[in-house]
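Undergrad: Got a sequence here, can you build the structure:
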Amino acid sequence: QSLVFTREEEQRCEGRYAPSVGTFLYEPNASLLKGGAYRLLTERYPVAKLHSNSHLYTSEEPVRDFPGRSFRVTGQCGFGKKELRELTGGLGKANLSVRNFPASVAELRKRTGLSEGGDTYLFATTLCDGRKTLIRCEREKADAAGNG
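TA: Next comes the predicted model:
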């Protein structure tokens, strides 16, 4: 996959922001993030950003050609002990990622008691209204074959 753009094109783009997490979550390829294509993705694909600095995107409908990894959201919570326990209870292990969040992966592993691995992905991030959240996801089946 390739995405051709100019720096001026990215700078002119306002970008769309999501008021909440949708049914699907997207993590752009590293090359796009290094190239600075942040807001432009919301113009080229039917997705919205979760926060200007999180670089995670969401939609209600699947976007099969998104240039990165695609996930189906299966749950979400804040960072209270009870909420975390309900969201992660019975997991044992998960793939944890931190984007625009004040704690590290190591700190979150300690707090949740989860080891690395498995089919579940947890993204700790900040939403556009400033709320800190943990998003539980599974890789999209179509995505697992060719994307990311």
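
Undergrad: any idea which residue sits dead centre in the protein?
TA: Taking C-alpha atoms, centre = their mean as the criterion, residue 56 is the residue nearest the geometric centre of the chain, at 4.0 Å.

Undergrad: Excluding chain neighbours, give the residue nearest to it in space.
TA: Counting by C-beta to C-beta, 6 or more residues apart in numbering, the nearest residue to residue 56 once its immediate chain neighbours are dropped is residue 50, at 4.8 Å. For glycine as for every other residue, the C-beta is placed from the backbone atoms N, C-alpha and C.

Undergrad: Might one say that the one you found is in contact with residue 131?
TA: No. If you go by C-beta atoms under 8 Å, residue 50 and residue 131 don't touch, sitting 10.2 Å apart.

Undergrad: And the next helix or strand past the longest strand seen in the chain?
TA: Longest strand in the chain by number of residues (criterion: DSSP state E): strand 115-126. Past strand 115-126, further along toward the C-terminus, the next helix or strand under DSSP states H and E is strand 132-139.

Undergrad: and that next one, what does it pack onto?
TA: In this structure, strand 132-139 makes packing contacts with strand 68-77, helix 81-88, strand 115-126, judged by 3 or more C-beta pairs under 8 Å, 6 or more residues apart in numbering; DSSP states H and E.

Undergrad: Which of these sits closest to residue 44?
TA: Set against residue 44 and scored by C-beta to C-beta, those come closest in strand 68-77, at 12.3 Å.

Undergrad: Using CSV, write down the CA coordinates of that closest one.
TA: Only the C-alpha atoms of strand 68-77 are listed here, as CSV (Å, rounded to 0.1, in the frame of the first residue of the first chain):
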residue,chain,number,x,y,z
GLY,A,68,-2.4,-0.1,8.6
ARG,A,69,-3.8,-2.5,11.1
SER,A,70,-7.6,-2.9,11.6
PHE,A,71,-9.3,-4.0,14.8
ARG,A,72,-12.9,-4.7,15.9
VAL,A,73,-13.6,-2.9,19.3
THR,A,74,-15.0,-5.4,21.9
GLY,A,75,-14.9,-3.1,24.9
GLN,A,76,-13.8,0.1,26.5
CYS,A,77,-13.3,1.5,30.0
